[in-house]
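[1] Sequence and predicted structure below; questions after.
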Amino acid sequence: MSPINDFSITYEALNEEDTFSEGDTITGTLTFTLKKETKVKSLFLKAKGDANVHWTEGSGDDERSYSAHRRYFKLKENLVAGNDKGTVLSQGVHCFKFRFQIPQGDMPSSFKGFHGKIVYMLEAKMSRSWRWPTKVQKEFKFVSKSFPHSSQVMCPNSGSVDKKMGVFSKGQVEMSATVNRNVCCPGDTLSVFAKIHNSSSKKMRPKFSLQQKTVYRASGSTNTSDKSLCKMVGDTITLNSEETVSCQLKIPADVIHTLHNCEILSVDYYLKVYLDIKFAIDPEVVLPVIIVPSSFATLQPGEAVGPYPAGAVGGPSYSDFPPPAFPVGPYPLPTGPGAYGYPAPDPTQPANTTSGYNNQWPQQAAPYGFPTAAFPSPSVQHQAPTAPPLFQQGEELPTYTSLFPSSHDTFGRTGSDPKS
């Protein structure tokens, strides 16, 4: 029976979100209890960040696997120096404090998907002669200070489609769609407007969906995963009619922001507005959406994200520690129920080698667990609001600039050069 009990890692949180970024310092304690005096060959602790993707295609003799790995950093601290004779630790409770500073660099945020993940980890390992090593791991959530390239930020917030019906129906359908903004943070609400001219012989229903697209890359191949984060359905639009409809979609609070700084994995978002028509290909308008970290949520319209070039690391560190001595809001939106006829989505969604009996640091809460985004439940009943329609039938759909007049884009830049 092993003499080692309660082998665990705790660390101090820097903020309410329990996240870390480039340049931040992680301080904590490795704690364990020895039932008896024990000789240890080595005891060390690592901090590391890795991205991995893996998937298989085909079956049987045609099955092929694809894998890729990227390491962003690895730091190691020896808590007990390794030697041939070993180090004898006394019986009782032992606490080893540690401190790592995350390197600067363009590193992606933590992420877990179906075919890959980006994980930042603390790992401790104790080795003894002729025994299996004792290990413990603890994840911490990393949020990158990098943000999408300015050319990606300046993406269209409106679009249109004109579709002639097929052999099972006559006429055509025209639809234009606009979103109030396409740069936002987790937990924000998007207001979407669609103007539909149905001059066909078919009834149809407008649908709105916020999609997350993840692309995994390995060995020159790609694997794409597309899932809906939230979806809403409008009322039926009768034939030979013209209507303007709107809805509000709330971005889940736990989604990762747009991720473009990992070679083997990327995450994008887009808003899909489409018409559900029986026995016909659904016409749709796709509007890209960029989700930036919540730390940008305090920005005011026209205020720049920071003085850092696109894709670069920037912003102050959360850490209040000096460098270690050893190597190592956008525009206001309605918050009530969705506009006429659409329900609002449900809310969701060098080394320290001290040890002793009275040197324990307080236990910390478990790190970020990457819960799955919550979807609005169709079984929940909502009351439609009694407010009058935002737009009358036949009225032209407003443009984004008419709703929110400003000479600046969302990140405070002016002019037509996306790199300014």
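    Now that the structure is in, tell me what you want to look at.
[2] for the chain, which spans come out with low pLDDT?
    147-156, 159-169, 295-420 (pLDDT under 70).
[3] Repeat the analysis, applying 80 as the threshold.
    Screening the chain residue by residue with the criterion pLDDT under 80, one finds the ranges 1, 81-84, 146-171, 279-280, 294-420.
[4] any chance you could map the helices in it?
    For the chain, the helices defined by DSSP state H occupy 150-153, 400-403.
[5] buried ones in stretch 198-216?
    198, 200, 202, 204, 206-212, 214-216 (16 or more other Cβ atoms under 10 Å). In this view, the C-beta of every residue, glycine as well, is placed from N, C-alpha and C.
[6] let me redo that: stretch 223-240
    Those buried within stretch 223-240 under the rule 16+ other Cβ under 10 Å are 223, 229-234, 237.
[7] And those, which is closest to residue 3?
    Minimum distance to residue 3 across the buried residues of stretch 223-240 is 46.0 Å, recorded for residue 223 (Cβ to Cβ).
[8] Do I have it right that that closest one meets residue 65?
    No - counting by Cβ atoms under 8 Å, residue 223 sits too far from residue 65 to count as a contact (11.4 Å).
[9] will you turn the buried residues of stretch 223-240 into a markdown table that also has distance to residue 194?
    Compiled in a markdown table, the buried residues of stretch 223-240 are given as follows (distance: Cβ to Cβ, whole Å):
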| residue | distance to residue 194 |
| --- | --- |
| 223 | 32 |
| 229 | 19 |
| 230 | 16 |
| 231 | 14 |
| 232 | 11 |
| 233 | 12 |
| 234 | 8 |
| 237 | 10 |
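[10] Filter the residues you listed down to the ones in strands?
    Taking DSSP state E as the definition of strands, the buried residues of stretch 223-240 contribute 223, 229-233.
[11] so residue 67 bridges to which residues?
    In this structure, residue 67 bridges to residue 54 when assessed by DSSP bridges.
[12] Measure how buried it is and give me the count.
    Applying the criterion other Cβ atoms under 10 Å, we find 13 residues in the vicinity of residue 67.
[13] got it, and residue 61?
    By the criterion of other Cβ under 10 Å, residue 61 has 5 neighbours.
[14] returning to what we had before: give me the common contacts of residue 223 and residue 65.
    With contacts defined as Cβ atoms under 8 Å, 6 or more residues apart in numbering, the residues shared by residue 223 and residue 65 are residue 55.
[15] The nearest residue to residue 82 once chain neighbours are set aside: neighbour count?
    The spatially closest residue to residue 82, leaving aside those adjacent along the chain, is residue 42, at 3.8 Å (Cβ to Cβ, 6 or more residues apart in numbering). Applying other Cβ under 10 Å, we find 17 other residues in the vicinity of residue 42.
[16] Residue 17 too?
    By other Cβ under 10 Å, neighbour count at residue 17 equals 14.
[17] Could you measure from it over to residue 118?
    Counting by Cβ to Cβ, to the nearest Å, the gap between residue 17 and residue 118 amounts to 17 Å.
[18] what's the answer for residue 206, then?
    In this structure, residue 206 and residue 118 are separated by 36 Å, where distance is defined by Cβ to Cβ.
[19] where do the strands sit along the stretch 1-150 of the chain?
    With DSSP state E, counting those that start in this stretch as the criterion, the stretch 1-150 of the chain has strands at 4-11, 19-20, 25-34, 38-40, 42-57, 64-80, 87-89, 92-101, 111-112, 116-127, 134-139, 141-142.
[20] Any chance you could list what contacts the second one?
    Residues from elsewhere that reach strand 19-20, judged by Cβ under 8 Å, 6+ apart: 14, 26, 102, 120, 140-143, 318, 368.
[21] Pipe the residues you listed into TSV and attach neighbour count per row.
    Supplementary listing: the contacts of strand 19-20 in TSV, determined by neighbours: other Cβ atoms under 10 Å:
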residue	neighbour count
14	20
26	22
102	24
120	23
140	25
141	17
142	23
143	22
318	17
368	17
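[22] Mean neighbour count, the strands of the stretch 1-150 of the chain: which tops it?
    Ranked by mean neighbour count, the strands of the stretch 1-150 of the chain are led by strand 19-20 with a mean of 24 (mean count of other Cβ atoms under 10 Å).
[23] Partner strands of it and their direction?
    strand 141-142 (parallel).
[24] from what I can see the residue nearest to residue 82 touches residue 134, true?
    No - taking Cβ under 8 Å as the definition, residue 42 is not a contact partner of residue 134, at 11.2 Å.
[25] Mind listing the shared neighbours of those two?
    Residues within reach of residue 42 and of residue 134 at once, by Cβ under 8 Å, 6+ apart, are 125-126.
[26] check contacts around residue 55.
    The neighbours of residue 55, taking Cβ under 8 Å, 6+ apart as the test, are 65-66, 115, 216, 218, 223.
[27] Please name the nearest non-neighbouring residue to it.
    residue 115 (4.4 Å).
[28] can you tell me how far the one you found sits from residue 244?
    Taking Cβ to Cβ as the measure, residue 115 and residue 244 are separated by 40 Å.
[29] cool, and residue 92?
    Distance from residue 92 to residue 244, counting by Cβ to Cβ: 73 Å.
[30] what do you get for residue 14?
    Noted for residue 14: a distance of 47 Å to residue 244, by Cβ to Cβ.
[31] Can you spell out which residues form a bridge with the residue lying closest to residue 7 once chain neighbours are set aside?
    In space, not counting the residues next to it along the chain, residue 7 is nearest to residue 32; the distance is 4.4 Å by Cβ to Cβ, 6+ apart. Going by DSSP bridges, residue 32 is paired in beta bridges with residue 94.
[32] I figured residue 32 hits residue 3, correct?
    No - under the contact definition of Cβ under 8 Å, residue 32 does not touch residue 3, with a separation of 9.9 Å.
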